[in-house]
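*Asks:* Show me the folded form of this:
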Amino acid sequence: MVGIPFRTARTVPSILALACAAAALSACGSTSAKSSSDSPTPVSSPTALYQTYESAAQSQTPTADRELGQAFVVATGECMRSKGFVYYDAQGPSGGPPFVSAYEHPYSSLAKREISGYGLYNYYVAQEGQGSSSQDPESSYISSLSPAQSAKYVDALEGSPGHQGTTFNIVGFGREDIETGGCQGRATREIYGTTIASWYVNSLTILPTDQLHAIEKTPSFQASEAKWSECMTKDGYSFSSPSMAISSLEQQYQTDGPTAELHQKEITTAVADYRCATATGFKSVYDTALRTSVTSLSPHDKVALAAASRDLDAALLRAQRFGQ
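*Replies:* Here you go, the predicted model:
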């Protein structure tokens with residue numbers, strides 16, 4: 001199965017699951033939920049709905065993700081220093097491997113594949129450059145604090161006990177513990193406007209996942225994918241699905257690291273994948289599957305999609321202030 005491209009865990013944990021649709025929230029934690037008077041209206045037209053999804057997904061690029069993540073740590077640092085603490089504006093390694101080709105439609109551009117393949121090489125190069133040492137400047141600084149100062153540091157960063165977050169009952173999504181306290185909560189609100197907007201943006205590309213997975217199990221989709229596999233076999237590849245091709249490359253990157261040889265192998269594989277998808281009609285089948293998945297979203301997801309489209313560009317504009 002191809003699997004829908006979606007965002008991986010953010011660099012900063014508190015951005016992962018921040019609040020939700022205002023009309024779909026009810027707070028049950030120590031901090032009351034903020035209501036929103038500008039909850040977006042779901043897009044009703046199927047064509048307009050897909051265009052909204054496509055436009056927002058194209059804006060939600062790896063570059064945009066880095067800008068938002070870096071803005072978060074810079075804003076957090078400004079807040080922490082205002083409270084008398086040292087805080088290094090350094091963005092650590094992200095939480096997991098990427099999915100498919102960045103965050104957009106996996107068959108959006110052959111030209112991009114001819115340059116960067118699935119986008120895996122660039123990801124693992126960045127990971128290698130960031131490293132995973134616990135002895136970064138911030139960790140060393142925290143270790144140097146006394147127990148009392150260390151506790152104050154945590155309170156400033158995350159909020160004091162009882163004021164670190166809120167548990168929300170999210171209609172259509174279940175219960176979520178939302179971090180809203182301290183400098184991290186403040187940074188989120190400075191970038192996204194509200195913690196609700198942050199959840200909207202981060203929910204964008206995972207929304208059609210269940211619908212797409214159901215379509216991928218249908219005989220017609222699997223028959224088309226089998227034709228893709230036959231085409232790839234003729235080109236010397238033994239993959240039953242595009243996701244298997246990507247997973248195979250990911251495993252090699254994790255074992256061997258981002259070598260030039262492996263990068264070229266990735267590009268060659270990604271280009272063959274794209275050409276076989278086009279030649280066998282699988283690309284068209286996938287296009288239809290994704291469009292159907294988006295247009296059949298639940299009312300809750302349509303609200304989230306409309307909000308994500310509205311809030312992402314606004315967040316990127318706010319993030320620019322922290323990059324200057």
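*Asks:* all contacts plus neighbour counts: C-alpha atoms, from now on.
*Replies:* Noted.
*Asks:* how about low-confidence regions in the stretch 1-150 of the chain?
*Replies:* For the stretch 1-150 of the chain, applying pLDDT under 70 flags the ranges 1-44, 58-62, 89-105, 129-136.
*Asks:* Going along the chain, name the helices of it.
*Replies:* 46-59, 62-82, 110-116, 120-130, 137-144, 147-158 (DSSP state H, counting those that start in this stretch).
*Asks:* And these: which comes nearest residue 270?
*Replies:* helix 110-116 (6.0 Å; C-alpha to C-alpha).
*Asks:* quick one: residue 80 and residue 155 touch, right?
*Replies:* No: at 10.4 Å, residue 80 and residue 155 do not qualify as touching, with contact defined as C-alpha atoms under 8 Å.
*Asks:* Which one's more surrounded, the two?
*Replies:* Between residue 80 and residue 155, residue 80 has the larger neighbour count (other C-alpha atoms under 10 Å), namely 20 against 17.
*Asks:* so how far is residue 77 from the closest residue to residue 156 other than its chain neighbours?
*Replies:* With C-alpha to C-alpha, 6 or more residues apart in numbering as the criterion, residue 156 has its nearest non-adjacent residue at 5.2 Å, and that residue is residue 182. Counting by C-alpha to C-alpha, to the nearest Å, the gap from residue 182 to residue 77 is 12 Å.
*Asks:* likewise residue 143?
*Replies:* Applying C-alpha to C-alpha, the value for residue 143 to residue 77 is 18 Å.
*Asks:* So which of those two has more stuff around it?
*Replies:* Higher neighbour count among residue 143 and residue 77: residue 77, with 22 against 12, using other C-alpha under 10 Å.
*Asks:* didn't residue 50 look like it was pressed against residue 296?
*Replies:* No: Residue 50 is beyond contact range of residue 296, at 10.0 Å (criterion: C-alpha under 8 Å).
*Asks:* between these two, who's got more neighbours?
*Replies:* residue 50 (19 against 16).
*Asks:* got the contact list for the residue nearest to residue 156?
*Replies:* Contact analysis of residue 182 by C-alpha atoms under 8 Å, 6 or more residues apart in numbering lists 155-160, 164.
*Asks:* tell me the phi and psi of it?
*Replies:* phi 60, psi -160 (degrees, to the nearest 10).
*Asks:* Check the spacing between it and residue 188 real quick.
*Replies:* Counting by C-alpha to C-alpha, the gap from residue 182 to residue 188 is 10 Å.
*Asks:* just residue 231 next, same as before
*Replies:* Residue 231 sits 47 Å away from residue 188, going by C-alpha to C-alpha.
*Asks:* neighbour-wise, which of those two wins?
*Replies:* The neighbour count for residue 231 versus residue 188, taken as other C-alpha under 10 Å, is higher for residue 188 (28 against 20).
*Asks:* That one is in what secondary structure piece?
*Replies:* Using DSSP states H and E, residue 188 maps to helix 182-192.
*Asks:* Pull that helix out as CSV, backbone CA atoms only.
*Replies:* This file holds the C-alpha atoms of helix 182-192, laid out as CSV (Å, rounded to 0.1, in the frame of the first residue of the first chain):
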residue,chain,number,x,y,z
GLY,A,182,4.9,27.8,30.9
CYS,A,183,7.0,29.3,28.2
GLN,A,184,6.2,26.4,25.8
GLY,A,185,2.5,27.1,26.0
ARG,A,186,3.2,30.8,25.5
ALA,A,187,5.4,30.1,22.5
THR,A,188,2.7,28.0,20.9
ARG,A,189,0.2,30.8,21.3
GLU,A,190,2.6,33.4,19.9
ILE,A,191,3.1,31.4,16.7
TYR,A,192,-0.3,29.8,16.1
